[in-house]
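Chemist: based on what follows, work out the 3D shape:
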Amino acid sequence: MAEQNHVGIDLGGTKTEIIVLDGHGNSLLRERQRTRDGYAGIIDGVAELLAMAEARLGRRADTVGIGTPGALSPATGRVKNSNSTVLNGAPLKRDLETVLARSIAMANDADCFALSEAVDGAGAGYSTVFGVIVGTGCGGGIVVNGSLLSGPNAIAGEWGHNPLPWPRDEDQPLPPCYCGQRGCIETYLSGPGLAADFERR
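Modeler: Coordinates of the predicted model:
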């Protein structure tokens with residue numbers, strides 16, 4: 001029986017990366033590309049990365065998991081709260097399953113990161129782990145006793161849309177955020193936020 005292969009795809013606002021692991025967790029292949037523009041471009045980019053990986057391996061992957069910015073709404077199954085705003089309101093999981101012709105697992109990228117670190121990374125052995133990612137956006141995940149906390153709205157641990165603590169007079173007016181609020185931490189600490197703050201100053 002052939003060794004199982006498991007594919008993980010990190011869909012980010014700037015780059016999309018794929019990794020293939022064998023049944024023992026060893027990396028067989030890893031590639032990244034710039035995230036495509038537009039919703040259709042993102043779908044095509046993911047499909048092309050998976051096709052490339054399977055072509056190199058010479059077989060179909062046994063499982064495919066995708067970490068994405070934002071969360072899948074428990075009520076609708078559509079993406080919400082994504083800094084890749086073209087994904088918001090879209091049935092991303094359903095559309096990818098259609099294009100890829102298979103079932104996939106999909107979860108928030110920060111949740112995936114936090115759970116991975118809690119299981120066998122820097123947080124292994126601790127009862128509570130808070131994982132933080134800072135990139136195109138700011139995300140977070142919480143793991144307690146080995147179980148991910150998602151909350152009723154699938155956004156537990158997210159901290160990027162809390163307001164900037166203790167804004168000063170010179171911070172006014174607070175910068176707008178794609179979520180509709182002003183002064184979210186993400187508008188300062190993400191990659192684009194840092195660049196925009198530099199330009200303002």
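Chemist: CA atoms for contacts and neighbours, from now on please.
Modeler: Fine.
Chemist: how about the lengthiest helix in the chain: buried residues?
Modeler: Determined from DSSP state H, the single longest helix within the chain is helix 39-57. For helix 39-57, a neighbour-count test (16 or more other C-alpha atoms under 10 Å) marks 39, 42-47, 49-51, 53-54 as buried.
Chemist: which one in the chain is furthest away from the centre?
Modeler: Most distant from the centre of the chain: Asp169, at 34.0 Å, with distances by C-alpha atoms, centre = their mean.
Chemist: would you mind measuring from that one to Thr35?
Modeler: Going from Asp169 to Thr35 by C-alpha to C-alpha, to the nearest Å gives 37 Å.
Chemist: kindly report the same for Tyr126.
Modeler: For Tyr126, the distance to Thr35 equals 34 Å [C-alpha to C-alpha].
Chemist: what's the answer for Phe130, then?
Modeler: 27 Å.
Chemist: just give the number of residues close to Thr136.
Modeler: 19 (other C-alpha atoms under 10 Å).
Chemist: from what I can see Glu3 touches Gly25, true?
Modeler: No - assessed by C-alpha atoms under 8 Å, Glu3 is found out of contact with Gly25, at 11.4 Å.
Chemist: identify the residues contacting stretch 158-172?
Modeler: 137-141, 179, 182-186 (C-alpha atoms under 8 Å, 6 or more residues apart in numbering).
Chemist: please repeat the previous calculation with a cut-off of 10 Å.
Modeler: 70, 81, 110-111, 131-134, 137-142, 150, 173-174, 177-179, 181-190 (C-alpha atoms under 10 Å, 6 or more residues apart in numbering).
Chemist: one step back: so whatever helix or strand comes next after the longest helix of the chain versus helix 39-57, what angle?
Modeler: Toward the C-terminus, helix 39-57 is succeeded by strand 63-68 as the next helix or strand (DSSP states H and E). Relative orientation of strand 63-68 and helix 39-57, computed by axes from the mean of the first three to the mean of the last three C-alpha atoms, to 10 degrees: 140 degrees.
Chemist: how far off centre is whichever helix or strand comes after strand 63-68?
Modeler: Downstream of strand 63-68, the next assigned helix or strand under DSSP H and E is strand 71-72. How far strand 71-72 lies from its chain's middle: 10 Å, per C-alpha atoms, centre = their mean, to the nearest Å.
Chemist: ok, now stretch 8-22?
Modeler: With C-alpha atoms, centre = their mean, you get 9 Å for stretch 8-22.
Chemist: list the buried residues of that stretch.
Modeler: Neighbour-count burial for stretch 8-22 flags 8-13, 16-22 (criterion: 16+ other C-alpha under 10 Å).
Chemist: so among those residues, where is pLDDT lowest?
Modeler: Of all the buried residues of stretch 8-22, Gly13 carries the smallest pLDDT score, 88.
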